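Peer 1: Please work out how this folds:
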Amino acid sequence: MSHYDQVGKMPEIPTVNLRVIKVWSCNEQFDWTDPRLGPGWQFNLYDAGNNLIDWGVTDNNSQLDFVNLLKNSSVRVEEVQKVDWVLDFPAAGYYQLTLVDPLTTVYFGNFELLKVRAAKIYDFDMDGEWDPEEHGIAGVIFTLSGTNCRGEPLEIQAVTDSTGWADFGKQYPGDYTVCVEEPSGSWIPTTPTCVSFNLRRVEVVLVFGNICTRYASFGTKGYWHNKNGLRETTLGDLAYVNSLLPWQVPSSYFGAGDEPIDGFFADGTPVAAANGDWGDLIAPAGTPWAEQSHFLVDANAGGDPREQLAQQLDAFIMNALHRLGGVDTPILTGSGWTPASDIIADAVNVWATGTASQQNAMAGLLDGWNNNLAVEYVSPEPCPVVYP
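Peer 2: Predicted coordinates for the structure are as follows:
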């Protein structure tokens, strides 16, 4: 409603005009840059005897008028607090007014309590992002510290739940830092371990990533050729091998069988049974396991360097599938963490296009890994969360 009568003069009957705003500075002072909070804010009006004489809610302009009041009367104006909001001013929490002037305008400033949350994820691909296939880690300790907008220090801890989230609740605006306490053991962060921020306009959601490492004992091509290795080898493993270029068509170097590894020569003749070092049968004739066994120990001295490379690559693939949990698992190499699949792709490319020297070098590199009893790799699953 207008604060003026029909001839443009201020009314003689006192009016109290309320305006409610959102404050950013949290300093108990009005600032013209502070935005209005809009409709729906309730205010109560009390007389000198503490009797409720009127109430109302703000309009779309964030204003409310109490009209038809008694001149020179004493009234108290109070705001009805909303959930998750804090009254910043007036400092007393209300206005005590003596209605001398025709119009009295008062301002109520509020700030919103804002949520702070942090998540700990198992960042298997180490990209710092929470990918759909990645999951949170339970039991990780976070600390929120800093100073709120009223200059008060704050330090609280929260522990991640089964979904990986730690909830610090809703806090005053202010300048804060969230830090993660790394568990003991082989945990490695993939993101910064502390993040500082100004909590002001919107809630803060932070994501912290980790991996943990383990060690794998790889097997040589001789192991995967023999009965113990063949017991581990599945048709799915051989299907993966056969999907790669070195096994898609018969080569010129494999004599006891031919590619792909399926238990038969290209003309349909079954490959011979495979025997162990003591002459014992380890794979029947005409089976993929027999051909796999023959392939891994096929003589290649002085022959095509691609065969030695393919043999070592075959064993490396078996190690990745059975010791690392899959070919996508990164291992620690001289250039950092490298997915086994990238090493496999490089080896296939060298097999197809490299020189003999490059093929021998790649075969030697794979042989080194296949003889390594402590290959460090990123565990596909989180390690236990343990604190000292």
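
Peer 1: contacts and neighbour counts: CA atoms only from here.
Peer 2: Fine.

Peer 1: What average pLDDT does stretch 251-264 get?
Peer 2: Averaged over stretch 251-264, pLDDT sits at 93.

Peer 1: And for stretch 105-125?
Peer 2: 94.

Peer 1: gap between the two ends of it?
Peer 2: From its first residue to its last, stretch 105-125 covers 59 Å (Cα to Cα, to the nearest Å).

Peer 1: So for that stretch, what gets flagged as buried?
Peer 2: For stretch 105-125, the neighbour count (16 or more other Cα atoms under 10 Å) marks 106-125 as buried.

Peer 1: Does N17 touch P102 like I think?
Peer 2: No. Using Cα atoms under 8 Å, N17 is not in contact with P102, being 10.5 Å away.

Peer 1: which residues make contact with whichever strand in the chain runs longest from outside it?
Peer 2: Assignment by DSSP state E gives strand 204-216 as the longest strand of the chain. Outside of strand 204-216, the residues within contact range by Cα atoms under 8 Å, 6 or more residues apart in numbering are 114-124, 126, 128-130, 180, 186-193, 323-324, 373-379, 382-383.

Peer 1: sec struct for G326, please.
Peer 2: Classification of G326 using DSSP: H, G, I helix; E, B strand; the rest coil returns coil.

Peer 1: Please verify my assumption that it contacts A320.
Peer 2: Yes. With contacts counted by Cα under 8 Å, G326 reaches A320, the gap being 5.5 Å.

Peer 1: higher neighbour count, those two?
Peer 2: A320 (24 against 17; other Cα atoms under 10 Å).

Peer 1: check which helix or strand covers W224.
Peer 2: Per DSSP states H and E: W224 is located in helix 221-225.

Peer 1: Kindly export that helix (C-alpha atoms) in PDB.
Peer 2: What follows is helix 221-225, C-alpha atoms only, in PDB (Å, rounded to 0.1, in the frame of the first residue of the first chain):
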ATOM      1  CA  LYS A 221      55.000 -67.800 -19.700                       C
ATOM      2  CA  GLY A 222      56.300 -71.200 -18.500                       C
ATOM      3  CA  TYR A 223      53.900 -71.000 -15.500                       C
ATOM      4  CA  TRP A 224      50.900 -70.200 -17.800                       C
ATOM      5  CA  HIS A 225      52.000 -73.000 -20.200                       C
END
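
Peer 1: Contacts only, for Q157.
Peer 2: Contacts of Q157 (Cα under 8 Å, 6+ apart): 141-144, 168.

Peer 1: ah, wrong one, I meant P246
Peer 2: The contact partners of P246, by Cα under 8 Å, 6+ apart, come to 259, 310, 348, 351-352.

Peer 1: How far does stretch 323-331 sit from its chain's centre?
Peer 2: Distance of stretch 323-331 from its chain centroid, counting by Cα atoms, centre = their mean, to the nearest Å, is 20 Å.

Peer 1: returning to what we had before: parallel or antiparallel, which strands does the longest strand of the chain pair with?
Peer 2: Sheet pairing of strand 204-216 (DSSP bridges) gives strand 114-122 (parallel), strand 187-189 (antiparallel), strand 375-378 (antiparallel).

Peer 1: For the last one, give me every contacting residue.
Peer 2: Under the contact criterion Cα under 8 Å, 6+ apart, strand 375-378 has outside partners 124, 211-218, 324, 329-332, 369.

Peer 1: run the last query once more with 10 Å
Peer 2: Applying Cα atoms under 10 Å, 6 or more residues apart in numbering, the contact partners of strand 375-378 are 124-126, 186-188, 211-218, 323-325, 328-333, 337-340, 369.

Peer 1: Next, the buried residues of stretch 196-216.
Peer 2: Residues of stretch 196-216 classed as buried by neighbour count (16+ other Cα under 10 Å): 199-200, 207-214, 216.

Peer 1: err, stretch 66-83, not the other one
Peer 2: Those would be 66, 69, 74-79, for stretch 66-83 by 16+ other Cα under 10 Å.
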